[in-house]
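Asks: after the sequence you'll find the predicted model.
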Amino acid sequence: MRTTLPLVITFIVGMIMLGEAFIPHWRYRVISENMFEWGLILAAAAFLLGLINLVQVNLPKVLRRETDWGYKAVMLVALVATLIVGFAGGADRLNNGEAYKWVFDFVFIPLNATMFALLAFYIASAAFRAFRARNIEATVLLVAAIVVMIGRVPIGEALSERLPTLVNWLMEVPNTAARRAIFVGAALGAIATGIRIILGIERSHLGGD
Amino acid sequence: MYRWFVRFQNMDRRWIFLGMAIAILLPMLSPSSASFSIDRPVRDIYEKVESLPPGSTVYISADFDPGSRPELEPFYRAVLHQLFGRDIKVVAGTLWASAPPLVLPILQEVAESHGKVYGTDWCFLGFKDGKELAIKAIGENIPKTFPTDFYQTPIEELPVAAGFKQLKDFNLLILVSAGFPGIKAYVLQVQGQYDLKMVGATTAVSGPDYIPYYKAGQLLGLSAGMPGSAQYEKLVFLDAGTCSGFEKTFLNSESCVRAGHTWVKRPPKVMPERLLGIEALSVLNLGHLFIVGLIILGNLAFFVTRPKGVE
Amino acid sequence: MSTLRLFTMFWVLTATAAVGLTLPSPHALAESPDAHASAVSPSDDDDSASSDDDDSASQVTEPVATEPEPAADIPQWQANLQVDAPPYNSGLNLELSWTVGEDSAVPSGWAVLRSDNPDDGWEVRTEALTPDSRSYSDKLTDDPLGEPVLSKYHYRVLALPTGLTLAAQEPIEAAGSKPQQKENQNLAEHEQELSLYAQTLKEAQGKKIAILLGTAISSPVVAGEPVATLFNSSVGYLMMLAIILAVGVMIFYFTAQVRAGKEIFIRRIPGIDAIEEGIGRATEMGKPVLYVPGIDELQDIQTIASMLILGEVSKKVAEYQSEIIVTCCIPIVREVADEVVRAGYTQAGYADDYRSINTRFISSEQFAFCAGTNGIILREKPATNIYLGRFFAESLILAETGFVNRSIQIAGTAEATQLPFFIAACDYTLIGEELFAVSAYLSKDPRLVSSLKASDWVKVFCVACLVIGTILATFGIDFMSTLFTMTGG
């Protein structure tokens, strides 16, 4: 029963949602849209569980003064403080002068932008490490990368008027062709995975047979 | 020399980070300008907006966050200046929870600089959760999806948005999107079903993903990354000069104005203090050159230090 | 009950339900203008201009001679407003289309009015159509259960001269805005105010429609009947159904072949082999395995595939007596991952070794999640990092931090924008469909392996269609693109 019931539920729900693509009748859509809303409600309820998990994992480490407990303490204090100012601000929390807006403007935005900015440095480091002409394919990758990087900026146009045209061709033809191939393959893999789950063939998420 | 190459190959990553930091900071401290041409997909966006008659209304979905702000904010500002400068009304919304505090102040600032009034000339509907479902809902019924705007005013009390039931009712859909949900979701969910006229601006990483949509005509124009934003700024603010025959004939006549015996581009009504996209291009220049230089030197070091007879 | 039996039973039940849901399917029809000359009844507030309007509705091919405001932007109607039910539709839409005379000027805009019964008055559906609009899709109701769809709706399209929209809006503006509940006002009083306001608004809307009908040029009244389609039998959808059924049938066929003793060849995928090696490495070093199932919602197919793989991975980790840390960006994914890992440990026979505390929700904000996971990598120093699922900009940051930690890194995603970063920074990368093959590859279950074979054959079919379609399209034959065009939905 432990594995059969989830499989039966998966099959019924999966077939209903699969049927939505082929049955446009509004009576059927009412059923499938309601089910999707149930999923959204469940996901929203899970946020509370996520919050509990955060506290469950980190608070004992702070209390026991484990390694790097200070970072966890900062995280918990920030969590509680943001919750309090958010609830206190209510519908007006994003107005100028509100504490929540201050947290957003002067903590969240700079930190978010900083993390994104790390990408510039990591790209340089990863490119330096990865782009080596070890074989023919790696050499083609290397040359294409250099051409696109130079051609995308004004210096490329200054070097040669044909460079941006070549770059556009590279992006629009071989690059698009390769992406489409990945899309088709991934879509077929997704269909096969979906069918396996709906038919109950795939059971590894339930502990197997 | 050999030992230098060995040390170069195995150097601490922090030297690379330092070099990158210098390559970024130097042009920021003393920006230089370089000429650049306009790509066809970016020009298509500009011409599409220019062809809208004054009094039209467009829907903007502004879906970006602080991380993608440098790439998309210049485009967002430029297109808002273009729209308000041509007396086109704007209804804006977003699908990203972290976007409203970012996109609304910019919209407000540009609207006020053009003397536009909230509710009559522009409005902001706020954030709608639900990703693809939200897009479908917006496509089908805007008042039901956004019964009130961001300030809790009922949508039927906003003259600028009151008559619009579906996305199809707008003259143009402008998508400023940093990822998911964004351009791809709009194309898949609503573009074909309602045959919407859409243009998009996105980050450089996502740009290649949307080229097939542009080629297929599902997107009428596409701007990718900071270069795209800089090109758009140039078109809106700087690209003065003689109007071509095409522009005189096919674009709205307000794009070109008489100047003696010739027709010239109508200058922008409001000129911002800084053109962030164009300024950032010099940073891109040096940053890309630095990475290319690293790669070339790295490969040189690889070949010099490679044991002989090994491929 | 076997899967095949369940499958068959479901389709029998669906067919039975289909009979019960069948609606009659009449045609959309256009009524003659003469018949509607009396059906189009003016409201009490209409002035004489509207009766002129009715006369013009019955003489639709002739230009209107006597108009109160002969503005230059009025078109000449040619009585060809059409109201059709879109093909393969839910039954909640009707499509309007109209043309104007070649010589006519263009109005400043169009409005669409609808009525259940023209004798009872009209409702404005839209008044914001641009001058070049020639079609409109009307959603009949947003709540088909609360506000049932009728069998017939009547439409008329108005050509609006300049300034009419503003003039027509005046009664609505005069009605004022919806009254808000004041402080110290009780609910009953407020509801009475709302009721009065609703009445005022209704009267104002009647005046608005009278102004519109009195001044704009109207098309003839045309009726349309919505049609709800039970099954989308357009070519594209049938093709999609055929592909899905083909995959299902081939899975059963190849499974039968495997059970009969035939071997199915799967090419070696180094990235998947490396998963087991990585788990072994982690056990030897006494360090945990880090598993990141992407940052997208649970309903994304890549996240689902990642959960399936997590089941196999956690089983192997349990067998190796190692530790697995799973970091999740979405709370519900964390709950599902918790159960999956628990099931994996239980199946391996080490249920007591499972620690729920190792499946962690970090943050639903992308870069906060990235920073938290980086912290785990730098502090807990996992020997093997497995990134399988849907990733965005954080992919490179995670991979580079893992590199600093000297972890073995195996990544897999169908997100094409992130593949270059994973390829540059990780030791092994699974591209696109290889992500969906992992659970079959690891488990070696014949049914799962046969599904790989089935999707491979469909891929061969798709490639053949692409090649043939390209050749045919070169000669102007669009047969293939027609085959895959999806109508309706």
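Replies: Received, thanks.
Asks: okay, CA-based contacts and neighbour counts for the rest of this
Replies: OK.
Asks: so which bits of stretch A:101-117 are buried?
Replies: Of all the residues in stretch A:101-117, those buried under the rule 16 or more other CA atoms under 10 Å in any protein chain shown are A:101, A:102, A:103, A:104, A:105, A:108, A:109, A:111, A:112, A:113, A:115, A:116.
Asks: which of these come close to chain B?
Replies: By CA under 8 Å from any CA of the partner chain, the members of the buried residues of stretch A:101-117 lying near chain B are A:109, A:112, A:113, A:115, A:116.
Asks: quick one, helices of the chain?
Replies: This is for chain A. Along chain A, counting by DSSP state H, helices occupy A:4-22, A:26-63, A:69-89, A:99-103, A:109-130, A:136-151, A:154-159, A:162-170, A:176-198.
Asks: chain B was what I was after
Replies: Assigned by DSSP H, chain B shows helices spanning B:2-9, B:13-29, B:40-50, B:69-85, B:100-113, B:132-140, B:142-145, B:159-162, B:183-186, B:192-194, B:207-215, B:225-233, B:245-250, B:276-305.
Asks: of these, which stretch is the most buried?
Replies: Stretch with highest mean neighbour count among the helices of chain B: helix B:225-233 (a mean of 27; mean count of other CA atoms under 10 Å in any protein chain shown).
Asks: hmm, back to that, dump the helices of chain A into TSV; add mean pLDDT and distance to chain C as well.
Replies: Shown next, in TSV, are the helices of chain A (pLDDT from 0 to 100; distance: least, CA to the nearest CA, whole Å):
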stretch	mean pLDDT	distance to chain C
helix A:4-22	88	5
helix A:26-63	86	5
helix A:69-89	91	9
helix A:99-103	88	15
helix A:109-130	91	5
helix A:136-151	91	10
helix A:154-159	86	22
helix A:162-170	88	15
helix A:176-198	88	4
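Asks: could you dump those to a markdown table with distance to residue B:270?
Replies: Formatted as a markdown table, the helices of chain A follow (distance: least, CA to CA, whole Å):
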| stretch | distance to residue B:270 |
| --- | --- |
| helix A:4-22 | 49 |
| helix A:26-63 | 44 |
| helix A:69-89 | 36 |
| helix A:99-103 | 29 |
| helix A:109-130 | 28 |
| helix A:136-151 | 32 |
| helix A:154-159 | 27 |
| helix A:162-170 | 32 |
| helix A:176-198 | 39 |
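Asks: domain assignment for chain C?
Replies: C:26-224, C:264-444 (automatic domain parsing).
Asks: roughly how far apart are residue A:68 and chain B?
Replies: 24 Å (CA to the nearest CA, to the nearest Å).
Asks: ok, residue 141 - how many residues close by?
Replies: You didn't pick a chain, so chain A it is. A count of nearby residues for residue A:141, using other CA atoms under 10 Å in any protein chain shown, gives 13.
Asks: please go with chain C instead
Replies: By other CA under 10 Å, neighbour count at residue C:141 equals 15.
Asks: so it touches residue C:147, yeah?
Replies: Yes. Between residue C:141 and residue C:147 there is a contact under CA atoms under 8 Å: 6.6 Å.
Asks: which residue, other than its chain neighbours, is closest to the spatially most central residue of chain A?
Replies: Nearest to the geometric centre of chain A sits residue A:116, at 14.2 Å (CA atoms, centre = their mean). Distance criterion CA to CA, 6 or more residues apart in numbering or on different chains; nearest residue to residue A:116, sequence neighbours excluded, is residue B:67 at 5.2 Å.
Asks: quick one: contacts for the one you found?
Replies: The contact partners of residue B:67, by CA atoms under 8 Å, 6 or more residues apart in numbering or on different chains, come to A:112, A:113, A:114, A:115, A:116, A:117.
Asks: which parts of chain A sit against chain B?
Replies: So chain A meets chain B at A:94, A:109-110, A:112-117, A:120-122, A:124-125, A:127-129, A:131-135, A:146, A:149-150, A:152-155, A:157, A:171-172, A:175-176, A:179 (CA under 8 Å from any CA).
Asks: the residues you listed, buried ones only, as a ChimeraX selection?
Replies: Here is the ChimeraX command that selects the buried residues among the residues of chain A next to chain B (16+ other CA under 10 Å):
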select /A:94,109,112,113,115,116,120,121,122,124,125,127,128,129,131,132,133,146,149,150,152,153,154,155,157,171,172,175,176,179
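Asks: what sits up against stretch C:449-466?
Replies: Stretch C:449-466 is contacted from outside by A:185, A:188-189, A:192, A:196, C:243, C:246-247, C:250-252, C:254-255, C:258, C:264, C:437, C:440-441, C:480, using CA under 8 Å, 6+ apart.
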